[in-house]
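take this sequence and fold it.
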Amino acid sequence: MSESDDYLVIGSSGFQGAAVARALLAEGYRVRGFARGKGTPAPRAPELTTVQGDLADPDSVREAFRGVTHAAVQLPLHFDARLIETYAHNVVTAAREANVRRLVYNTNTPVPDTATSYAAYDTRRIAEAILRDSGLPVVTLRPPVYLDNIFSPWNGPELAGEGVLSYPLPADLRVSWLCHDDLAAATVAALHREGLEHTTLRIGGPEAVTGAELAERFSRGMGRPIVFRPQEVGEFVSRLGRVIGPAAASGVGGIYHWLAEKPDPELFVADHDLPRRTLGISTTPIARWVAAQPWHSWLDETDTA
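Numbering: from 1, shown residues only. Okay, the predicted model is just below:
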């Protein structure tokens, strides 16, 4: 780390961005945030010098990138293709003017090989292509599904209170579930490891499990029986919408609608040795992550179902 290095985290008030900012701060880096300034920051979001702005405003994006040497980018949960194009082009322009040495883009979802007609995938494909083709030293991370999604207002109360793990995935689909802290560790490594420019990495946790196998890991971690329930996508969108709003929830739901229509058995499965081999990090087994979460905190919550 040089004394002149400065790190920008776009989306620093969100769950994934906050985890990245925490990881960078823990290693002693100087970190600046970029956030829209609306809504409550994610739990455990660190206090940062933060540029409040809109990715659609090129001037505020330039201000965020001023003097920055490294950047981690998570895009907001917007699913309008033209808006995402604008976001990505503004990031590219500002990053180029700042002469960034490394930019890591988190797609926040796997990206199928072909267009899907669902904006949850295709807008991320658009942003990925713009960043990849920019000539900037970009590393793209494609995670599967976050374990932290389950420790949430739309899952936590039912899981803690009833022992039911509901999620809108086919019961037999194998998924390399990843936690936010491991995503953050992968991002920090991708910001620094030599020779990763212009690469796309499908990252995931150390296990690819079906719904029943996921429930077994949760049973082991929580010390009580847990069962998996394949959730209807509409129910998931309804629950999620009460927390993040119906428009964003509907966009996220496209991920699972497409899986229900065209299940791809390998899309959510990662090379489990890639984090160690390519990034030099170890990822967290599911049961260990589950055991570390304060599930009891949901028992006093009002069920959002």
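
show me where the stretch 101-250 of the chain has its helices.
Taking DSSP state H, counting those that start in this stretch as the criterion, the stretch 101-250 of the chain carries its helices at 119-132, 156-162, 180-190, 211-222, 233-244, 246-261.

okay, those helices in a markdown table with distance to residue 36 and mean neighbour count next?
C-betas here are computed from N, CA, C, even on glycine. As requested, these are exported to a markdown table (distance: least, CB to CB, whole Å; neighbours: other CB atoms under 10 Å):
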| stretch | distance to residue 36 | mean neighbour count |
| --- | --- | --- |
| helix 119-132 | 17 | 20 |
| helix 156-162 | 26 | 19 |
| helix 180-190 | 20 | 24 |
| helix 211-222 | 33 | 19 |
| helix 233-244 | 13 | 17 |
| helix 246-261 | 13 | 18 |
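
could you dump the ones you listed to JSON lines with distance to residue 21 and mean pLDDT?
As requested, the helices of the stretch 101-250 of the chain are arranged in JSON lines below (distance: least, CB to CB, whole Å; pLDDT from 0 to 100):
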{"stretch": "helix 119-132", "distance to residue 21": "20", "mean pLDDT": "96"}
{"stretch": "helix 156-162", "distance to residue 21": "23", "mean pLDDT": "95"}
{"stretch": "helix 180-190", "distance to residue 21": "8", "mean pLDDT": "98"}
{"stretch": "helix 211-222", "distance to residue 21": "27", "mean pLDDT": "98"}
{"stretch": "helix 233-244", "distance to residue 21": "20", "mean pLDDT": "93"}
{"stretch": "helix 246-261", "distance to residue 21": "21", "mean pLDDT": "93"}
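
okay, now the domains of the protein?
Domain ranges of the chain: 7-145+179-202, 147-176+206-265+284-298, per automatic domain parsing.

against residue 264, how distant is the residue nearest to residue 123 when sequence neighbours are not counted?
Nearest residue to residue 123, sequence neighbours excluded (CB to CB, 6 or more residues apart in numbering): residue 84, at 4.2 Å. According to CB to CB, to the nearest Å, residue 84 and residue 264 sit 22 Å apart.

out of the two, which sits in the busier spot?
Each of residue 84 and residue 264 has its neighbours counted (other CB atoms under 10 Å); residue 84 has more, 23 against 13.

now do the strands in this structure.
7-10, 31-35, 49-52, 70-74, 102-106, 138-142, 164-167, 199-202, 227-230 (DSSP state E).

residue 275 is nearest to which of the domains of the chain?
Closest to residue 275 of the domains of the chain is domain 7-145+179-202 (CB to CB; 6.1 Å).

distance between that closest one and the chain's centre?
Distance, stretch centre to chain centre, for domain 7-145+179-202: 10 Å (CA atoms, centre = their mean, to the nearest Å).

that domain: end-to-end distance?
Chord length of domain 7-145+179-202, first to last residue, is 23 Å (CA to CA, to the nearest Å).

then stretch 72-91?
Stretch 72-91: ends 11 Å apart by CA to CA.

quick one: buried residues of it?
72-79, 84, 86-91 (16 or more other CB atoms under 10 Å).

hmm, back to that, ranking the strands of the chain by burial, who's on top?
Mean neighbour count, computed with mean count of other CB atoms under 10 Å, is highest for strand 7-10 among the strands of the chain, reaching a mean of 29.
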